[in-house]
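In: Sharing a sequence plus its predicted fold:
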Amino acid sequence: MSLFSRSPVRIQPFFGYRNTERLLIGARALRSDPVAFERMSQWRALRTMWGQFASAEAAGVRVSLTVRRPDGVERRYGATTDREGYAWFDIALDGDWARPARTGWEVVELGWENAKGPQSVEGHVMVPGQDIRLAVISDIDDTIIETGITGGLRNVVRNWRRMLIQLPHDRKQVAGAGGFYGELGGGRQPGQEGAAIGSRLTVSRRPFFYVSSSPWNLFPYLVAFLRGRELPLGPMMLRDWSFDRATLGSAGHAAHKSRSIAKIMDLYPDLRFALIGDDTQGDLTAFAQTVERAPGRIAAVFIRCLGQPLSAEEIEAKTTIEGAGVPLWLGSDYDTGNAFLRTAGLAVDDETANIVKMIEEGSYEQGSRQET
């Protein structure tokens, strides 16, 4: 698009992640200035948000990725942006890339050239610590924030103001999400404070991954929302987005989430996962498929219910999850979800420490189920 066509090309890194053998990170080449989601007039907010959707992608940009091994050895890789401006790196790591003792972020460097000459920007790669056995995969849309961009074109029209005027600090998180996610994440790691993308980032003890049907255009917006509410940061699996049925309709949500969850879990075969979603985008179905695909790998499933009765497909998915002995919570209030965390042994405090240890060692067999 021509809205920012005169701006120099910049690279927007997405959050990456790695294990001991592979590192994955993406970025996008854009002709626009970085966004500062500060307080502003509605007119400026409209222009800012319109710029997020009317992105000016830069195709054919050569992007370099420089990574530094824990022993200090550097490696450089290259990729070229596609027609939508994306560059994706999935690299095989050589040498000793042991995971750190505690979950944390590693810094990489992305380089490119524009009209002003050589440029570079920091990227961040999350690495689960050796001390954890449980990670979290969460939805975003209607699970912690009502995006207004999913569930059909009618919802988009009805929520245009939320989409195009409200900035991250204007949006309200789902009630109780902060305490629930903080409890499940096990608290922040020390020494990970930072104020913006590009500085040292916060991280929870248990790593968080986000799988959402929101567009990649909203990555900076969603990160700003998470940081402003002190919710756990983590790599995001979003979607390339356009105003069509494939993006805005219900078809494809579950498939995207199932693929993304499988990709994450396959990278960390030694970890079990808690899955969090809602009942608006086929999350229950996607999670049931995951339970079937990876027996014993799912520690618990949490579904925030928005009042709609379960469909026949969702009832079948619920039966599948329960039949596998996986603790399942269906409810609208995360405060009751906190109680469920303790029942399932997933909260991190002195009272449940022994149960947590059992779960993380894979010796917790009795599933807990609750519906509200």
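Out: In hand now; what should we look at? Numbering: from 1, shown residues only.

In: Next, Y268: phi, psi?
Out: phi -130, psi 70 (degrees, to the nearest 10).

In: could you measure it against P235, distance?
Out: Y268 sits 12 Å away from P235, taking CB to CB, to the nearest Å as the criterion. C-beta: built from backbone N, CA, C; applies to glycine.

In: Neighbour count for those two, which is higher?
Out: Shown here are Y268 and P235; by other CB atoms under 10 Å, P235 has more neighbours (21 against 18).

In: show me where the chain has helices.
Out: Listed in chain order, the helices found in the chain under DSSP state H are 42-53, 153-158, 160-164, 177-185, 219-228, 245-248, 253-267, 283-293, 312-323, 334-344, 353-360.

In: as a whole number, average confidence for the longest one?
Out: Averaged over helix 253-267, pLDDT sits at 92.

In: contact partners of it?
Out: Helix 253-267 is contacted by residues 17-19, 22, 24, 135, 137, 139, 150, 209, 211, 213, 237, 239, 271, 273, 275, 277, 281-283, 285-287, 289-290, 293-294, 297 when judged by CB atoms under 8 Å, 6 or more residues apart in numbering.

In: Restricted to strands, list these.
Out: In strands, defined here by DSSP state E, the members of the contacts of helix 253-267 are 17-18, 22, 24, 135, 137, 209, 211, 213, 237, 239, 273, 275, 277.

In: Quick one: buried ones out of those?
Out: Neighbour counting over the ones in strands among the contacts of helix 253-267 (16 or more other CB atoms under 10 Å) leaves 17-18, 24, 135, 137, 209, 211, 213, 237, 239, 273, 275, 277 as the buried ones.

In: Lowest-confidence entry in those residues?
Out: Lowest pLDDT within these is found at S213 (86).

In: Tell me if I'm right that that residue and G282 touch.
Out: No: counting by CB atoms under 8 Å, S213 stays clear of G282, with 9.4 Å between them.

In: I'd say S332 and G307 touch.
Out: Yes: here S332 lies in contact with G307, judged by CB under 8 Å, at a distance of 7.3 Å.

In: Please identify which of the two sits among more neighbours.
Out: S332 (17 against 6).

In: So which residue is smack in the middle of the chain?
Out: Nearest to the geometric centre of the chain sits Y210, at 1.9 Å (CA atoms, centre = their mean).

In: tell me which residues form a beta bridge with that one?
Out: S138, M236 (DSSP bridges).

In: So it versus T80, what's the distance?
Out: 27 Å.

In: just R229 next, same as before
Out: R229 is 36 Å from T80, by CB to CB.

In: same question, C305
Out: 44 Å.

In: And for I132, the neighbour number?
Out: 19.

In: Pass me the low-pLDDT residue ranges in the protein, would you?
Out: 1-5, 37-54, 146-172, 189-200, 241-251, 335-336, 338-339, 342-345, 347-372 (pLDDT under 70).

In: what's the domain layout of it?
Out: As recorded under automatic domain parsing, the domains making up the chain are 10-126, 134-371.

In: Give the full set of residues in contact with F209.
Out: Per CB under 8 Å, 6+ apart, neighbours of F209: 17, 135-138, 234-237, 264.

In: at 7 Å instead, please
Out: 135, 137, 234-235, 264 (CB atoms under 7 Å, 6 or more residues apart in numbering).

In: got the buried residues for stretch 91-105?
Out: Under 16+ other CB under 10 Å, the buried positions of stretch 91-105 are 91, 97, 99, 102-105.

In: cool, and stretch 11-29?
Out: Residues of stretch 11-29 classed as buried: 11-19, 23-29 (neighbour count, 16+ other CB under 10 Å).

In: Grab the two from these that are most spread out in space.
Out: N19 and A29 (27.1 Å; CB to CB).

In: follow-up on the earlier one: any chance of the buried residues of stretch 91-105 in TSV, plus distance to E57?
Out: Listed next are the buried residues of stretch 91-105 as TSV, based on distance: CB to CB, whole Å:
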residue	distance to E57
I91	23
W97	32
R99	34
R102	37
T103	33
G104	31
W105	27
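
In: Among those residues, which one sits closest to L328?
Out: T103 (26.0 Å).

In: does that closest one really touch T202, like I thought?
Out: No: applying CB atoms under 7 Å as the test, T103 and T202 come out as separate, 10.9 Å apart.

In: and L110, how far is that from A59?
Out: Taken as CB to CB, the span from L110 to A59 is 17 Å.

In: Which residue of these two possesses the greater neighbour count?
Out: L110 (21 against 12).

In: residues contacting that one?
Out: Counted by CB under 7 Å, 6+ apart, L110 has contacts 11, 13, 27, 63-65, 120-121, 123.

In: Distance of it relative to Q119?
Out: L110 is 9 Å from Q119, by CB to CB.

In: residue contacts, the residue nearest to S212 when sequence neighbours are not counted?
Out: Once flanking residues are discounted, S212 sits nearest to I140: 4.0 Å by CB to CB, 6 or more residues apart in numbering. For I140, the contact set (CB under 7 Å, 6+ apart) comprises 210, 212, 214, 222.

In: Grab the two from those residues that are most spread out in space.
Out: Y210 and S214 (9.2 Å).

In: Give me the more crowded residue out of C305 and T80.
Out: C305 (18 against 11).

In: can you pull the contacts of the more buried one?
Out: 279, 330-332.
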